[in-house]
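Engineer: Prediction below, plus the sequence it came from.
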Amino acid sequence: MTQAYRCYLLDIGNRIAAVKVIECRDDRAAKRKGKEILAACGIYSGAEIWDRGRRVHAIVPNALRPKAPAKSA
């Protein structure tokens with residue numbers, strides 16, 4: 001049995017630019033499908049996968065990812 005997830009595709013400003021409804025059997029499959037959609041589109045910088053009111057996964061642009069603290073020598 002599958003359930004409907006929403007894949008919000010984000011622009012460079014981290015705003016919703018498009019949405020696709022995807023049917024997947026579980027969160028893991030929805031996360032994988034979201035990554036595939038993002039890679040295939042090429043014009044979006046990130047995506048969020050949602051199951052109703054619950055965010056399942058976020059794929060954020062590299063520029064918005066927090067940087068790891070520098071290791072001291």
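Structural biologist: Right, received. Where do you want to start? Residues are numbered from 1 along each chain as shown.
Engineer: Strands along the protein, start to end?
Structural biologist: Using DSSP state E, the strands of the chain run over residues 3-10, 16-24, 46-51, 54-59.
Engineer: would you list the ones you listed in CSV and tack on distance to Arg32?
Structural biologist: To be clear about C-beta, it is placed using only N, CA and C from the backbone, and glycine gets the same treatment. Listed next are the strands of the chain as CSV, based on distance: least, CB to CB, whole Å:
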stretch, distance to Arg32
strand 3-10, 11
strand 16-24, 8
strand 46-51, 10
strand 54-59, 10
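Engineer: would you list those in JSON lines and tack on mean pLDDT?
Structural biologist: Shown next, in JSON lines, are the strands of the chain (pLDDT from 0 to 100):
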{"stretch": "strand 3-10", "mean pLDDT": "97"}
{"stretch": "strand 16-24", "mean pLDDT": "97"}
{"stretch": "strand 46-51", "mean pLDDT": "97"}
{"stretch": "strand 54-59", "mean pLDDT": "96"}
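Engineer: Can you say which of those is packed in most?
Structural biologist: Sort the strands of the chain by mean neighbour count, taking mean count of other CB atoms under 10 Å, and strand 46-51 sits at the top with a mean of 21.
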